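Asks: Attaching a predicted model along with its sequence, questions to come.
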Amino acid sequence: MKRAIYPGSFDPVTFGHLDIIKRSAEMFDEIIVGVLNNSQKNSLFNADVRVTILKDLLTDFDNVKVEAFDGLLVDFAKKKDANIIVRGLRAVTDFEYELQIAQTNKVQMPTLDTVFLVTDLNYSYLSSSIVKEFASYGGDISKFVPASIIPLIEAAYKEKEN
Ligand code: PNS
């Protein structure tokens, strides 16, 4: 059984993340989307909301699970008995950071391999930060995230204003 973890903040999930999840679900027997429960105060959504959003968007994928995790990714991988981490690579700028994390995780857990999927050309510019920047100014984010979550993002910014 090839079980892989696709970890991230997903604050919010973008079309780029969903594309990586769909492609990796075809490559591995099971994908666990690991939502980092970072207690950063500047998160748009708390981890429970991010998990719910992802679950709602991924109901059609029988081999994809979504779970929040705290602490180190290697500990989550051990707990879930997973030996593969999936990460998307958009550009060379991602590479240095991703390589360092992958190698550190490998030193900590030698059975853990990180697999990089090259982001679809249509989403290579896209990041959660870009979505938040646009949304914070009331910009059009319909090309970045699924229509179903746009009202949630807009509501989160309205709440921040009050
Ligand atoms: O979507 P992101 O924010 O790029 O995802 C980063 C993530 C969650 C993969 C990374 O920050 C992570 O694995 N955090 C958990 C703590 C950890 O294990 N850090 C790596 C130590 S070098």
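Replies: Good, I have the coordinates.

Asks: Give the bridge partners for residue 30, please.
Replies: Beta bridges link residue 30 to residue 3 when assigned by DSSP bridges.

Asks: separation between it and residue 11?
Replies: Here the distance between residue 30 and residue 11 works out to 24 Å (C-beta to C-beta, to the nearest Å). Every residue, glycine included, has its C-beta placed from N, CA and C.

Asks: Those two: which has the busier surroundings?
Replies: Per other C-beta atoms under 10 Å, whichever of residue 30 and residue 11 has more neighbours is residue 11, with 22 against 16.

Asks: and that one, helix, strand or coil?
Replies: coil (DSSP: H, G, I helix; E, B strand; the rest coil).

Asks: That one contacts residue 42, doesn't it?
Replies: No - Residue 11 lies out of contact with residue 42 (C-beta atoms under 8 Å); the separation is 9.1 Å.

Asks: Show me which residues of the protein sit near the ligand.
Replies: 7, 8, 9, 36, 72, 73, 101, 104 (C-beta under 6 Å from any ligand atom).

Asks: The first one falls within a helix, correct?
Replies: Which is residue 7. No - counting by three-state DSSP, one finds residue 7 to be strand, located in no helix.

Asks: count of residues packed around it?
Replies: Neighbour tally, residue 7, other C-beta under 10 Å: 19.

Asks: Surely it and residue 72 touch.
Replies: No - using C-beta under 8 Å, residue 7 is not in contact with residue 72; the gap is 10.5 Å.

Asks: now the helices for this protein?
Replies: With helices called from DSSP state H, the chain shows them at 15-27, 47-57, 73-79, 92-108, 128-136, 150-161.

Asks: With respect to residue 120, which of those lies nearest?
Replies: Closest of those to residue 120 is helix 15-27, at 4.9 Å (criterion: C-beta to C-beta).
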